Each structure stands twice: as C-alpha cells, then as structure tokens.
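> Need a 3D model of the sequence below.
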Amino acid sequence: MKDPRAASLIRSSLVWENHCCMPFDDAPEWMCQLSRYRRSGFDVVHVNVGDSDIPLEGMVRTTAAFRAWLRERPDEYVIVTSAEDIEAAHASGRLGVCFDIEGAHAFGTDLSLISMFYDLGVRWLLMAYNCGNAVGAGCHDAVDAGLTDFGRAFVREMDRVGMIKDVAHTGYRTAREVIDSSPAPVNISHSNPRALHDHPRCVPDDLMKACAASGGVMGITGLSLFLPNGDTGTETFVRSIDYSIGLMGVDHVGFGLDFVFDQRNLGQDFQRNRRIWPEGFGYESDVRFVPPERLEEIVESLFRLGYPAADIAKVVGGNFLRVARQVWK
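This next block holds a predicted model:
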C-alpha cells in the first residue's frame with residue numbers, strides 16, 4: 001500500500017537528479033525522454049554533454065544541440081544558469097536542465113574553456129573520468145600521482161568561475177587533493193559507498209567523510225555495477241542512501257542515478273575503449289539502472305526507515321540546491 005506522505009513530499013519539495021546520460025550523436029531525438037523526470041516528480045536534472053571519450057568539438061556541438069532543443073520548449077523546460085532558475089522551474093511546473101562534463105580530458109591545458117562551458121550552462125565538471133588527464137588521475141589508473149600543478153590552477157579557475165568540482169570517477173589521491181586544495185564544497189556527483197560494494201568506482205569511507213567536511217554532497221547512483229550484488233531494487237538502492245547518511249550526515253547525500261536513456265549499444269561502448277572501461281570490472285556484463293520512475297518508492301522506503309520529512313527533503317534535492325547557492329556565480 002502506498003504511503004501518501006511520499007507523493008505529498010515530492011510535490012512540495014525541490015527534487016534534484018544530479019546526473020543522467022543522453023546519446024551524444026543523435027541527442028535531439030532522445031531529449032523528449034526528459035519528460036520522464038518531470039512526470040516522476042523531479043524539478044531539475046543534470047544532463048551529460050561529454051566524457052573522456054568525446055573530443056572538444058563534440059562536446060560543444062552536443063551542448064549547442066541540447067540548448068537549441070530546450071529553447072524551443074520554454075513552456076516545459078528551463079535552461080538553468082542559477083539557483084533562482086531552479087526555484088522558478090519548480091514553481092512553474094517546468095523541468096530545470098543543467099549540463100555536466102565527465103572529465104577534463106578535452107580541455108587539454110586550456111583554462112579558458114572552463115568559463116566558456118560555464119556560460120553554456122555546464123554547472124559541474126568531473127576532474128577525471130576513469131583515466132587520467134592533465135588535471136590528475138582517474139579511478140582506474142594504475143598510478144595516481146595526485147593533482148598536477150595544472151590541476152591546481154584548474155581548481156582555482158573553477159572556483160573563480162563558480163563551477164562545482166566533482167571527484168566521482170577520479171583517483172583517490174587526486175580526489176583528496178582536489179578537496180584539500182579548495183575552500184569551496186566538492187561533490188561526488190554519482191557514486192556509491194565502497195564499504196557496501198568493492199569497486200574502484202565506489203568511494204571509501206574516508207573520502208566520503210572528506211567530501212562532507214568540504215560541504216559537498218554525494219549523489220547515490222542506481223547503476224547495477226556499483227550496487228551490492230548488482231541489485232537495482234529499491235531497498236538495495238536505499239540501503240546505500242542510508243549508509244551514506246549514517247557516515248556523512250543527512251546534509252551531504254542526494255541522488256545521482258546516472259540513468260542512461262539509450263541502452264541499446266551500451267555494452268559495445270564499454271568494449272570500444274578499454275582504457276576508460278578496463279576489463280575485469282564488470283563493464284562487459286549487462287548493466288541495469290534505477291529509473292526516475294522509482295522516485296516515489298524511494299521516498300516511501302526512506303519514510304519506512306524512520307527519516308522525518310525535513311531530512312528526506314534534503315536528500316531529494318535540498319542538499320544539492322544548497323551547494324549550488326554557495327558555489328554558482
């Protein structure tokens with residue numbers, strides 16, 4: 001039997017999904033799928049416009065295509081450039097859309113690209129996506145030498161511009177040094193606790209605590225590769241949320257489902273570039289996701305665990321909004 005408190009909380013709260021993936025090549029064809037988030041109760045979603053496998057020109061073209069599609073539908077969507085845009089989207093029943101980039105690979109050593117992408121609506125950026133770049137190491141690199149000198153300049157420029165730094169997919173030492181080198185909150189946009197599932201993409205307890213100490217938020221992902229026993233059931237997903245709250249505090253946990261809309265060729269994508277997705281870590285297997293339609297079940301489960309409505313409201317969106325207000329300029 002449904003708990004009516006869940007639907008009521010979703011209607012009254014700001015609900016934030018911190019990461020989803022559209023196909024890059026034929027993105028406009030798939031953008032209508034964003035309506036699934038709005039129908040499920042989400043108010044804002046971050047859409048990926050590139051990763052370590054996408055060249056700079058491809059990221060710019062994808063971002064331009066997304067923006068054009070959204071601008072043609074002002075009654076349904078808001079291109080987010082500020083925290084106020086998110087609140088306006090929530091108040092008007094539209095979906096706020098931000099963009100993110102997974103890894104600084106395509107940036108090379110050009111700091112000026114940070115402000116350019118910020119102007120285009122990119123509001124957070126991964127320091128590395130599984131493998132290293134000029135900033136630092138990825139979580140699958142055999143050697144993690146930490147944040148480079150250029151990486152420290154990269155962090156300073158992100159702080160100056162107001163872009164949120166993200167250490168999901170990033171090597172452990174590099175991630176710690178990003179957190180230590182910045183006075184601003186550092187997020188882990190879409191990851192899970194390594195204590196519950198031992199995978200290099202999952203995050204050890206001390207790094208989760210460091211994220212929280214910085215004022216940042218960790219978004220719990222619904223990707224089967226990073227959940228215990230590959231189980232994408234609601235209770236298993238909520239167990240990761242509950243564990244993270246117990247470790248980091250309720251002010252530092254949110255949603256980063258990492259839902260992939262076009263899953264037809266996902267296995268082929270993983271096999272195509274073994275440097276980014278190396279063998280032996282499950283990328284060659286079938287992957288499953290927690291879909292946005294599961295939102296109400298997740299909130300119901302949190303109520304069953306005894307969380308008060310005010311705390312659940314933080315997890316479903318309030319925590320990420322707090323960081324946005326603090327960092328974005």
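
> Relative to residue 217, how far out is the residue nearest to residue 218 when sequence neighbours are not counted?
Of all residues not flanking residue 218 in the chain, residue 188 sits nearest, at 4.1 Å (CB to CB, 6 or more residues apart in numbering). Where C-beta positions appear, they are placed from N, C-alpha and C, glycine not excepted. Separation of residue 188 from residue 217 (CB to CB, to the nearest Å) stands at 8 Å.

> one step back: go ahead and report the secondary structure state at the residue nearest to residue 218.
Recorded secondary structure, residue 188: strand (DSSP: H, G, I helix; E, B strand; the rest coil).

> Surely it and residue 209 touch.
No - with contacts counted by CB atoms under 8 Å, residue 188 stays clear of residue 209, the gap being 11.3 Å.

> the more surrounded of the two?
Taking neighbours as other CB atoms under 10 Å, residue 188 and residue 209 compare with residue 188 leading, 32 against 15.

> anything in contact with each of residue 188 and residue 217?
Taking CB atoms under 8 Å, 6 or more residues apart in numbering as the criterion, residue 188 and residue 217 both touch residue 211.

> Would you mind confirming that residue 286 makes contact with residue 267?
Yes - with contact defined as CB under 8 Å, residue 286 reaches residue 267; the gap is 7.1 Å.

> neighbour-wise, which of these two wins?
For residue 286 and residue 267, the more surrounded residue by other CB under 10 Å is residue 267, and the numbers stand at 14 against 11.

> What residues does the more buried one make contact with?
Contact analysis of residue 267 by CB under 8 Å, 6+ apart lists 284, 286-287.

> what mean pLDDT does the helix or strand in which it is found have?
Assigned by DSSP states H and E, residue 267 belongs to helix 266-272. For helix 266-272, mean pLDDT is 75.

> What are the boundaries of the strands in the stretch 1-150 of the chain?
With strands called from DSSP state E, counting those that start in this stretch, the stretch 1-150 of the chain shows them at 16-21, 44-48, 77-79, 95-101, 122-126.

> Please tabulate those in a markdown table, including the columns mean pLDDT, distance to residue 59 and mean neighbour count.
Compiled in a markdown table, those are given as follows (pLDDT from 0 to 100; distance: least, CB to CB, whole Å; neighbours: other CB atoms under 10 Å):
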| stretch | mean pLDDT | distance to residue 59 | mean neighbour count |
| --- | --- | --- | --- |
| strand 16-21 | 96 | 14 | 26 |
| strand 44-48 | 96 | 10 | 25 |
| strand 77-79 | 97 | 16 | 20 |
| strand 95-101 | 97 | 6 | 25 |
| strand 122-126 | 97 | 9 | 25 |
